[in-house]
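Enquirer: Build me a model:
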Amino acid sequence: MTEADQQYMQQLRLETANLAKKIEQIEVSKRRFLGRDISSCSYEELQGIDRQLEQSLRKIRARKDHVFNEQIEQLKTKERTLLEENAKLREKSNGTRLPNWQPLIQEKEAATNCSQSSRSTSSLDQDHVETELFIGLPRNSLLITQTGCS
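Expert: Residues are numbered from 1 along each chain as shown. Have a look, this model is predicted:
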């Protein structure tokens with residue numbers, strides 16, 4: 001082996017040793033972030049770990065909020081598309097033109113109000129539904145009545 005080869009081998013050994021030390025440090029750091037092997041940590045080290053974890057949580061929460069807001073926007077776009085398609089289909093089937101968004105919004109609100117006000121069944125209209133369920137033998141049956149919007 002030449003002297004250049006020996007120097008190259010020595011350099012590789014040093015690099016390997018440095019990489020092994022870095023790997024060990026990363027593994028120790030990982031264990032500490034997971035809450036393991038922290039009994040030997042000083043107060044300052046624990047504060048550092050705490051700061052790093054808080055910073056990581058802020059980044060994760062910000063990303064989660066961003067993804068959530070993107071999904072909301074996609075769903076709103078999809079809702080508008082479906083409302084427009086619904087209006088076109090209604091126009092096609094009825095032969096009447098609906099004024100832009102207002103009836104669709106009112107229809108959506110009515111459906112929401114119906115589901116929210118299913119508790120109050122004081123007025124009877126065509127959307128009123130009453131169901132009965134008999135449980136048990138005819139002589140010992142229990143009657144359950146449910147009312148709500150269809």
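Enquirer: Now do the strands in the chain.
Expert: 128-135, 142-149 (DSSP state E).
Enquirer: Could you tell me the least trusted of these?
Expert: Averaged per stretch, pLDDT over the strands of the chain is lowest on strand 142-149, reaching a mean of 51.
Enquirer: What separation do you get for R13 and M1?
Expert: Distance of R13 to M1, computed by Cβ to Cβ, to the nearest Å: 14 Å. From N, CA and C alone the C-beta is placed, and that goes for glycine too.
Enquirer: low-confidence ranges in the chain?
Expert: By pLDDT under 70, the weakly predicted segments of the chain are 95-150.
Enquirer: which stretches of it form helices?
Expert: Ranges of helices within the chain are 3-33, 43-94, 102-116, based on DSSP state H.
Enquirer: Please convert these to JSON lines, extending it with mean neighbour count.
Expert: JSON lines is the format used below for the helices of the chain (neighbours: other Cβ atoms under 10 Å):
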{"stretch": "helix 3-33", "mean neighbour count": "11"}
{"stretch": "helix 43-94", "mean neighbour count": "11"}
{"stretch": "helix 102-116", "mean neighbour count": "12"}
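Enquirer: any idea how far the nearest residue to Q52 once chain neighbours are set aside is from Q55?
Expert: Distances taken as Cβ to Cβ, 6 or more residues apart in numbering place F33 nearest to Q52, at 7.4 Å, with adjacent residues excluded. Separation of F33 from Q55 (Cβ to Cβ) stands at 12 Å.
Enquirer: One more: E79?
Expert: 36 Å.
Enquirer: repeat for E15
Expert: 31 Å.
Enquirer: again, but for D65
Expert: In terms of Cβ to Cβ, D65 sits 16 Å off from Q55.
Enquirer: Also S42?
Expert: 20 Å.
Enquirer: cool, K30 as well?
Expert: 16 Å.
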